[in-house]
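1. here are the coordinates; sequence isn't available:
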Ligand SMILES: [Zn+2]
């Protein structure tokens, strides 16, 4: 048994002004064959899962390149083609193969390629032929195109949002591909297109119970795998939106897959456009809410300025609001501002300096803040955990303006866990309000220290209200832009 594994991933916000070239992949995460760390990253978990099974089962594993760029705007044609061809050359060299595994995100858009993953998988199929099992792990925020469903034998998406299950789903993928290669099962895939942009969180109901039922159905009655592709609404591509994928064993079960995918899709549609989402508070509403609630810290997610959504993470809207309430002990971060970090590091811990920071990347990111700040602490690399992975925010600094502590980082990444603050000397238990730059991946780690968790609406720059976005390529009808054809 010969198995190949590689990973090529990012999430593209086609409306973002931040562009991605090859150096963005190399700076964020780039591992040539054999150099992948022992711990997984969000989209390279199949490498770690396959290594474990190779050791346990004694098959030959050939590793290709694994790389990731932090979500941003359009990927350059040269970056995508060079990384794709690097991996496809490795695949060609690895022949003959029984299984080819890919760790993808599924929402990468490059100049000239609206469906990078469909392109990659179709080219991989042409190389390995019909007899090799192709499997890929996808982020649930992917565009589930027909092209990639046809090219692969097995697609498995994360089920959890926050994405706490990327390694478990990689294990599922490897297991299913091995069973397929051994002739134990014959995967047959059916997709129901909800014709809706309707994601949901699994850290709250009704998403939690829904995913628990999905998990309970797998492995029974011929059902091999169930995935919900939530889509990624910040992309103007044909296949944006929610789709349900059911993989069953054998043609005899195809109708069962079709029926189940539709039933699950209609259940999601039944929640309504915002029925599955949390309330989002405007800055002053959020501050009033926090002051009215018992305990601390009250944690707020600045969802529409999360680097995970392909935007900068330098919006100052909430900083301005907190500065209007200087009596409140608060912390906010991590902001992306490499220039401010270099100035703080130059001044050193303990220095009091005039600093202009953040509010630079987009018209909706607020204005830069000018203040006299105290540099609390600096670090050469702010390295924080996210489930089984480690995420680097690069050189970073914490600054204080009175009771407000602020984390500034050189790298653009989400505030996944409290060490983003505590490693820079900020005691979160002393804070009434903590604001994190994350959509929902912060949830698992911060729920351990938060008195309450809420979500902010600071007005952007992420295109949160899709009815205000000009889509040119999206298939119609799709709700909420149009009436939903299934309802
Ligand atoms: Zn995601």
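-> Thanks, I have the structure now. Since the structure is predicted, the reported quantities are computational estimates derived from the model, not experimental observations. Numbers count the residues shown, from 1 in each chain.
2. which residues sit in contact with the residue of the stretch 51-200 of the chain found nearest the ion?
-> Proximity to the ion, evaluated over the stretch 51-200 of the chain using CB to the ion, is greatest for residue 141 at 3.5 Å. Glycine gets a C-beta too; all of them are placed from N, C-alpha and C. Residue 141 makes contacts with 11, 105, 106, 107, 161, 199, 229, 230, 231, 232, as judged by CB atoms under 8 Å, 6 or more residues apart in numbering.
3. So which of the residues you listed belong to strands?
-> Members of those lying in strands (criterion: DSSP state E): residue 229.
4. Serialize the contacts of residue 141 to JSON lines and add fields for distance to residue 76.
-> Listed next are those as JSON lines, based on distance: CB to CB, whole Å:
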{"residue": "11", "distance to residue 76": "16"}
{"residue": "105", "distance to residue 76": "17"}
{"residue": "106", "distance to residue 76": "19"}
{"residue": "107", "distance to residue 76": "16"}
{"residue": "161", "distance to residue 76": "29"}
{"residue": "199", "distance to residue 76": "28"}
{"residue": "229", "distance to residue 76": "25"}
{"residue": "230", "distance to residue 76": "26"}
{"residue": "231", "distance to residue 76": "24"}
{"residue": "232", "distance to residue 76": "19"}
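5. for the contacts of residue 141, which one is nearest residue 452?
-> For the contacts of residue 141, the minimum distance to residue 452 (CB to CB) is 19.4 Å, reached by residue 161.
6. Please tell me the pLDDT value assigned to the closest one.
-> We have a pLDDT of 93 for residue 161.
7. for the one 4 residues further on, same thing?
-> Each residue has a pLDDT score; the one for residue 165 is 97.
8. That one contacts residue 158, doesn't it?
-> Yes. Contact criterion CB atoms under 8 Å: residue 165 and residue 158 qualify, at 5.6 Å.
9. out of these two, which sits in the busier spot?
-> Using other CB atoms under 10 Å as the criterion, residue 165 and residue 158 rank with residue 158 on top: 29 against 21.
10. And that one, how far from residue 402?
-> Distance of residue 158 to residue 402, computed by CB to CB, to the nearest Å: 40 Å.
11. likewise residue 368?
-> Where residue 402 is concerned, residue 368 sits at a distance of 19 Å (CB to CB).
12. So in this structure, which strand runs the longest?
-> Assigned via DSSP E, the chain shows its longest strand as strand 369-379.
13. three-state assignment of whichever residue of the stretch 201-350 of the chain sits closest to the ion?
-> Closest residue of the stretch 201-350 of the chain to the ion, CB to the ion: residue 308 (7.1 Å). Of the three states, residue 308 takes helix under DSSP: H, G, I helix; E, B strand; the rest coil.
14. same deal with residue 412?
-> Recorded secondary structure, residue 412: coil (three-state DSSP).
15. Run a quick neighbour tally on it.
-> Residue 412 has 28 neighbouring residues, counting by other CB under 10 Å.
16. For this structure, which residue occupies the most central location?
-> Ranked by distance to the mean C-alpha position of the chain (CA atoms, centre = their mean), the top residue is residue 308 at 5.6 Å.
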